[in-house]
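Make a model of this:
(chains A and B)
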Number of protein chains: 2
Amino acid sequence: MKKKLGIGVDIGGTNTDFGLVDAEGNIVRRGRLKMAGYDDVAVYVKDLAEALLAALGELDAEAEGIGIGAPNGNFHTSCIEHAPNLKFKGIIPLSEMIRQYINVPVMLSNDANAAAYGELIYGGAKGMKDIIMFTLGTGVGSGVIVDGKLVHGFTGCAGELGHAILVPEGRLCTCGRRGCLEEYASARGICQTFDELRRWVTCYTGKLANIPLRGLDTKLIADAAYAGDEVALKAFERTGFLLGIAAANAVAATSPEAVFLMGGPVQAGKILMEPLEKSFHEHLYVSFKGKTQIRVSELNANDVAILGAAALVKMPR
Amino acid sequence: MKKKLGIGVDIGGTNTDFGLVDAEGNIVRRGRLKMAGYDDVAVYVKDLAEALLAALGELDAEAEGIGIGAPNGNFHTSCIEHAPNLKFKGIIPLSEMIRQYINVPVMLSNDANAAAYGELIYGGAKGMKDIIMFTLGTGVGSGVIVDGKLVHGFTGCAGELGHAILVPEGRLCTCGRRGCLEEYASARGICQTFDELRRWVTCYTGKLANIPLRGLDTKLIADAAYAGDEVALKAFERTGFLLGIAAANAVAATSPEAVFLMGGPVQAGKILMEPLEKSFHEHLYVSFKGKTQIRVSELNANDVAILGAAALVKMPR
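Residues are numbered from 1 along each chain as shown, chains lettered A, B, ... in the order given. The predicted model follows:
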């Protein structure tokens, strides 16, 4: 009998990365398709399926199932719906199209949901049943797991905590509303907080004084903070304070065992995590205090998108 | 064969109310125990069980199960845990104690969770699978239902959205933290908003000008608003605006089909509901816009606690 492997597919605007995953969560084979070459989704799906079948063939394995993390991936319909950063417009019945070539269960969700489920199956949340994941990056995504299952809700799009409003009448968000968590805890939000702070501190003469906002990134600010720049340090403190409130608010809804965090800004380390942990525990409601952890993802940043997608197939149905 | 009836028990600081409930959600028999008479929980449980058995006997019925809504009721342990407004201190294994007398499934949860489940089984959410309930009153409670089940989470205490922080560094809450929804959307919160507004409007000469804060209630303010008091009207507008944000934030977590509201302040009618609905729909993230309703509970206010508790027994296990 051929050995069974999970398949995780991570669809992004630039590349589609895929991996064959064994039962222990090791990615035993990887592959990539460059999206630039595809204007026609039918051609894309055919090439993807052929690449997956070729990889399986080389390992003399068969697919247990295929999990896909994709922007605007709707779990209920298994379609990609109006993804702004893909060339494939409208509603794409991706799972059904792939099943024309490989007839196994195909599960589709968005990337943050997939990351949350990957943490549960392969990462630091192994053995837990209730978690929330925040993915910090260009934006802020999230995934909510209740009783061992991803929550998709009525629309199939649950877990958009990056667009929960943290500061009523606060910063204008790219989504058109004001005060979303994303505007404070994404890489962009941290840069903006630093920019505001350095303008309030009229005597700021640090190394970043002459770098315009659009030239900043979280690594530059973190490096400055570790080198003793108090304004840079304060920017991470404020981010940690606000993200701690957002994480504690999320706990009030579904009472997870742990909140996990991943993504670029988390790489800043203790200058973010110390104020974040302090704020989180201070802002937990009494029923959850001392019973809820806040932790950094234990999945390798390069693997998480593939592992998360592959994990989707393991979800109880 | 005897007919089967559900039993709903609503434990409060002053009374325990119970009802026998038929399959259509009619309360066919009611009863009450006054809590003042009970210092010893063992005596209380014995009297409660005897009252339930007597009521069943009179209708020649037997119990299908017993659902209990109680302050600090923990679903996982089926214990009342350190309820501040009950005389029974510490951890009370209530379900186990009742089963000594009536050997049927006994389910325990807090009152807002029970109300949410009652709406799903007997109220306006019939046929839905994902809802969130906000109960407005002295405080603000909530219940979250995902895929037809109440969410209790790791601690058993999920659904405390009244203590999600709506305004970082905002009003001091009775729970010791700042800016909880409860401080803005409870009866107390609405009175405080009115009190702040009338002090900002230095020329306020309305009917409520000389009533001190502690003499106000939401009915007085609502009556003034309907009589043309613009400050009173503004207090409800601001409450609706903020509660709309809180409700939209809750949607970002679990994406319910509808958010339901019940409780005293909701009786104010359109002066609250119109600004609330406007704010809710404006503050919904794009994935949920046009797909998520906000509605008033369809359960009779006098029945909801008993129906909600009785409904707990119907939850899939």
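
What ranges does chain A have for its strands?
Secondary structure of chain A by DSSP state E: the strands cover A:3-11, A:15-21, A:27-34, A:61-69, A:73-74, A:79-81, A:91-92, A:106-109, A:131-136, A:140-146, A:149-150, A:258-263, A:293-296.

my guess is A:Ala51 meets A:Phe18, correct?
Yes: counting by CB atoms under 8 Å, A:Ala51 does reach A:Phe18; the two are 7.2 Å apart. Where you see a C-beta, it was placed from the backbone N, CA and C, and this is true even at glycine.

Near chain B, which residues of the stretch 201-317 of chain A are found?
A:242, A:245, A:248-250, A:252-257, A:282-283, A:285-288, A:291-292 (CB under 8 Å from any CB of the partner chain).

returning to that earlier point: would you list the strands of chain A in a markdown table and tack on distance to A:Cys180?
A markdown table is the format used below for those (distance: least, CB to CB, whole Å):
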| stretch | distance to A:Cys180 |
| --- | --- |
| strand A:3-11 | 24 |
| strand A:15-21 | 28 |
| strand A:27-34 | 32 |
| strand A:61-69 | 22 |
| strand A:73-74 | 21 |
| strand A:79-81 | 21 |
| strand A:91-92 | 26 |
| strand A:106-109 | 21 |
| strand A:131-136 | 13 |
| strand A:140-146 | 8 |
| strand A:149-150 | 22 |
| strand A:258-263 | 16 |
| strand A:293-296 | 20 |
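
got these as JSON lines, with mean neighbour count columns?
Output for the strands of chain A, formatted as JSON lines (neighbours: other CB atoms under 10 Å in any protein chain shown):
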{"stretch": "strand A:3-11", "mean neighbour count": "23"}
{"stretch": "strand A:15-21", "mean neighbour count": "22"}
{"stretch": "strand A:27-34", "mean neighbour count": "15"}
{"stretch": "strand A:61-69", "mean neighbour count": "23"}
{"stretch": "strand A:73-74", "mean neighbour count": "24"}
{"stretch": "strand A:79-81", "mean neighbour count": "21"}
{"stretch": "strand A:91-92", "mean neighbour count": "18"}
{"stretch": "strand A:106-109", "mean neighbour count": "26"}
{"stretch": "strand A:131-136", "mean neighbour count": "28"}
{"stretch": "strand A:140-146", "mean neighbour count": "28"}
{"stretch": "strand A:149-150", "mean neighbour count": "20"}
{"stretch": "strand A:258-263", "mean neighbour count": "24"}
{"stretch": "strand A:293-296", "mean neighbour count": "18"}
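
Serialize the ones you listed to JSON lines and add fields for mean pLDDT.
Shown next, in JSON lines, are the strands of chain A (pLDDT from 0 to 100):
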{"stretch": "strand A:3-11", "mean pLDDT": "95"}
{"stretch": "strand A:15-21", "mean pLDDT": "96"}
{"stretch": "strand A:27-34", "mean pLDDT": "96"}
{"stretch": "strand A:61-69", "mean pLDDT": "95"}
{"stretch": "strand A:73-74", "mean pLDDT": "88"}
{"stretch": "strand A:79-81", "mean pLDDT": "91"}
{"stretch": "strand A:91-92", "mean pLDDT": "93"}
{"stretch": "strand A:106-109", "mean pLDDT": "94"}
{"stretch": "strand A:131-136", "mean pLDDT": "96"}
{"stretch": "strand A:140-146", "mean pLDDT": "96"}
{"stretch": "strand A:149-150", "mean pLDDT": "95"}
{"stretch": "strand A:258-263", "mean pLDDT": "96"}
{"stretch": "strand A:293-296", "mean pLDDT": "98"}
